[in-house]
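Undergrad: The amino acid sequence is not available; the structure is as follows:
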């Protein structure tokens with residue numbers, strides 16, 4: 001890797017570098033050993049978008065054969081380049097899977113009824129973050145299936161006028177899971 005790839009200054013002490021330059025230096029120095037595992041904790045926090053993009057490109061170009069674990073609350077940045085995601089809650093791994101599978105199985109659901117909804121007594125465990133108002137019910141389906149989910153909704157909400165399923169971003173999925181596990185869902 002060349003110094004000019006990341007535009008690192010050669011004439012400054014490390015302690016005088018900006019946060020972005022220090023992160024670039026940390027990545028460069030760790031990659032020189034060709035590690036098999038790289039663990040980054042909030043690597044993009046406080047970085048501008050140009051530096052973030054440089055770090056992501058550097059990682060993607062230079063870590064062939066290595067596993068990179070990134071811990072971050074900034075999910076929007078991760079969604080564009082990660083292959084797998086995991087969700088930790090109070091030290092417990094709630095799920096770990098390919099991002100493509102995760103976004104396929106989560107949907108925001110809106111059920112429009114003809115009258116004030118009568119809520120099912122026995123909600124499926126995979127329907128989280130339930131809310132209702134007037135003739136509309138909202139919830140998150142965590143095991144969406146294009147055939148069985150509509151059938152289950154029609155069985156539980158007889159007389160529904162309209163049902164919509166909206167795909168969710170990684171951030172929206174993690175927020176729903178966090179709300180659900182904290183009891184605020």
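TA: Cool, got the structure. Everything quoted here is computed from the prediction, not taken from an experiment.
Undergrad: Let me see the contact set for residue 152.
TA: Residues near residue 152 by C-beta atoms under 8 Å, 6 or more residues apart in numbering: residue 124. Heads up, the C-betas are built off the backbone N, CA and C, glycines and all.
Undergrad: Shouldn't it be within a strand?
TA: No: secondary structure of residue 152 (DSSP: H, G, I helix; E, B strand; the rest coil): helix, not part of a strand.
Undergrad: Check the gap between it and residue 145 for me.
TA: 9 Å (C-beta to C-beta, to the nearest Å).
Undergrad: cool, and residue 69?
TA: 30 Å.
Undergrad: This protein: helices as residue ranges?
TA: Ranges of helices in the chain, per DSSP state H, are 3-6, 19-31, 49-62, 75-79, 99-105, 148-156, 170-182.
Undergrad: Confidence-wise, which of those is weakest overall?
TA: If the helices of the chain are sorted by mean pLDDT, helix 3-6 sits at the bottom with a mean of 53.
Undergrad: Can you give the domain ranges for this structure?
TA: 3-82, 102-182 (automatic domain parsing).
Undergrad: would you list those in JSON lines and tack on distance to residue 91?
TA: Shown next, in JSON lines, are the domains of the chain (distance: least, C-beta to C-beta, whole Å):
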{"stretch": "domain 3-82", "distance to residue 91": "13"}
{"stretch": "domain 102-182", "distance to residue 91": "12"}
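Undergrad: quick one: which of those is nearest residue 90?
TA: domain 102-182 (8.4 Å; C-beta to C-beta).
Undergrad: just checking, residue 177 touches residue 94?
TA: Yes: Residue 177 lies in contact with residue 94 (C-beta atoms under 8 Å); the separation is 6.7 Å.
Undergrad: If you count surrounding residues, which of the two has more?
TA: When residue 177 and residue 94 are compared for neighbours, residue 177 comes out ahead with 20 against 13, by other C-beta atoms under 10 Å.
Undergrad: In contact with that one, which residues are there?
TA: 87, 89, 94, 128, 142.
Undergrad: which residues does the first one bridge with?
TA: Meaning residue 87. On the basis of DSSP bridges, residue 87 is bridged to residue 95.
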